[in-house]
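# no sequence on this one, just coordinates:
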């Protein structure tokens, strides 16, 4: 029986409805799947963004840590310069004079030639030189050049009861008027412990080769402040009718070679002992005098401080050695040659030295010179075996200079890389001749290796223990155009050796 038209129409409507339901069901079943995938993708992207952000934050944190570490190194280096190299660091037990002023911006100068320094003051403010102790008050940005001078050239201009009170300097501005410097504070070495000792501070100012005594505006336990009138040699002076006590130094130098050119052996030890004010001018004069001697002398660094008044002193030793002269007069009078004690011992150290003021029989300073144990290459050795070979102990403070640890070729290469066109002049100062330089250049084309071979040749001519960074520096320090980088590299090596 054939379906009626009504039945056919109903069937078609039902089929279409089922298809719609099926399609709807399929659509409904697929939607949760796509939603889950979308959520997972969004979650993954969010996680990736968070990880990327975390990596960026970690990178920034590492950068901050690196900068902080670098700043910490700079701070430690600055403190090291102030506390180890600066002769104006003394805190006097009598007058409590801290030799470093507070509230000033610390600046480290650049060495541009023998004894000459340069520093850039970035703007208006008060700045303190970390090397000399000078304090500059500037009204604007200015480049300064300055050097320590000797009082021996100017001491004759001091009349009546005037005496020098600290180092004398020559300060100059580059391409600017002197008026950009409002004031300069000069370090002084006078001990102000006695309130009854009335003193009048001034400065000796050499203007147009004429000596002028100009007033100061203020003074502290460590500095004398002067308002700048013009720039030329200026140094602090003091007027008093009484004896003046200075913050002083005992400078010791150990002889490296005897008159016949042989090293000191285990049975012969010779020292020069100088008495000086804690003044760069005094220290410079003594260092210059030591370089003129035929025999080579090595300073025992970081000399102990004491208070010295004008008078006569006697040096005693244990065990008893040969000391000449028996008594030495300490005076502020300017002399071409500085007096000193010479101590000679035939037995090995330690040597205990005591400085006695002959009038009062008071011991103003005492110290013990020791020869430390040689460095050991074994990592299991006790740290005490790594001390400097020569030590000076005074008031519980051990000081010394590294001796006996020659420079390695790696260290010589570091120095070679910092030498410029002046390296041939350095070679002349190291006692190489022009023919030897020609041979080095002919055998090696690389300039850095030529410099290295020159330094290795210098080392090969030295006895064991006499090719240290200190010896190399002493050989070339008179060279005017030696790069400051070379000086800094050698200084770092000496500091690292002393710290071991």
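Thanks, I have the structure now. Computed from a predicted structure; not experimentally measured.

# From the recorded domain assignment, give the ranges for this protein.
Domain assignment for the chain by automatic domain parsing gives 55-85, 105-239, 247-401, 409-499.

# What's the end-to-end length of the second one?
The first residue of domain 105-239 is 31 Å away from its last residue (Cα to Cα, to the nearest Å).

# strands paired with the helix or strand harbouring residue 119, and their directions?
Applying DSSP states H and E as the criterion places residue 119 in strand 116-121. With DSSP bridges as the test, strand 116-121 is paired with strand 110-113 (antiparallel), strand 142-149 (antiparallel).

# Need those in CSV (columns: mean pLDDT, mean neighbour count and distance to residue 430).
From N, CA and C alone the C-beta is placed, and that goes for glycine too. Formatted as CSV, those follow (pLDDT from 0 to 100; neighbours: other Cβ atoms under 10 Å; distance: least, Cβ to Cβ, whole Å):
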stretch, mean pLDDT, mean neighbour count, distance to residue 430
strand 110-113, 83, 15, 19
strand 142-149, 93, 20, 25
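
# Those strands: which one's closest to residue 416?
strand 110-113 (19.3 Å; Cβ to Cβ).

# can you give me how far that closest one is from the chain middle?
14 Å (Cα atoms, centre = their mean, to the nearest Å).

# just stretch 197-211 next, same as before
31 Å.

# same deal with stretch 38-50?
Relative to its chain's centre, stretch 38-50 lies at 56 Å (Cα atoms, centre = their mean).

# what's that stretch in contact with?
Residues outside stretch 38-50 that contact it (Cβ atoms under 8 Å, 6 or more residues apart in numbering): none.

# Let me see the mean pLDDT of that stretch.
Averaged over stretch 38-50, pLDDT sits at 77.

# ok so, going back, and the helix or strand that comes right after the strand holding residue 119, which residues are buried?
As assigned by DSSP H and E, the chain's next helix or strand after strand 116-121 is strand 125-129. The neighbour-count check on strand 125-129 (16 or more other Cβ atoms under 10 Å) flags 126, 127, 128, 129 as buried.

# now stretch 273-292
The neighbour-count check on stretch 273-292 (16+ other Cβ under 10 Å) flags 273-286, 290 as buried.

# of the residues you listed, closest to residue 133?
residue 280 (7.9 Å).

# Could I get the contacting residues of the closest one?
Counting by Cβ under 8 Å, 6+ apart, residue 280 has contacts 87, 132, 133, 148, 167, 187.

# Mind pulling the model confidence for the second one?
Residue-level confidence at residue 132 comes out at 89, pLDDT.

# In contact with it, which residues?
By Cβ under 8 Å, 6+ apart, the neighbours of residue 132 are 88, 109, 117, 146, 148, 167, 169, 187, 280.

# For the stretch 201-350 of the chain, just list every one of the helices.
Along the stretch 201-350 of the chain, counting by DSSP state H, counting those that start in this stretch, helices occupy 280-291.

# what bits of the stretch 101-250 of the chain have low per-residue confidence?
In the predicted model of the stretch 101-250 of the chain, residues 101-103 satisfy pLDDT under 70.

# before we move on, back to that, now distance to residue 39 too, for the domains of the chain, in TSV please.
Formatted as TSV, the domains of the chain follow (distance: least, Cβ to Cβ, whole Å):
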stretch	distance to residue 39
domain 55-85	25
domain 105-239	58
domain 247-401	59
domain 409-499	61
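
# returning to what we had before: out of the strands paired with strand 116-121, which comes closest to residue 415?
strand 110-113 (15.6 Å).

# Contacts for the closest one, please.
Residues from elsewhere that reach strand 110-113 (Cβ under 8 Å, 6+ apart): 117, 118, 119, 145, 480, 481, 484, 487.

# now, which of those residues sits nearest residue 199?
For those, the residue nearest residue 199 by Cβ to Cβ is residue 117; the value is 29.2 Å.

# The residue lying closest to that closest one once chain neighbours are set aside and residue 135, how far apart?
Leaving aside its chain neighbours, residue 117 sits nearest to residue 109 (3.9 Å; criterion: Cβ to Cβ, 6 or more residues apart in numbering). Distance from residue 109 to residue 135, counting by Cβ to Cβ, to the nearest Å: 13 Å.

# Now the common contact residues for these two.
Residues touching both residue 109 and residue 135 (Cβ under 8 Å, 6+ apart) are residue 129.

# Can you show me the strands along the stretch 251-400 of the chain?
Secondary structure of the stretch 251-400 of the chain (DSSP state E, counting those that start in this stretch): strands at 269-277, 297-299, 305-309, 311-318, 322-324, 327-330, 341-345, 351-357, 362-371, 390-394, 397-401.
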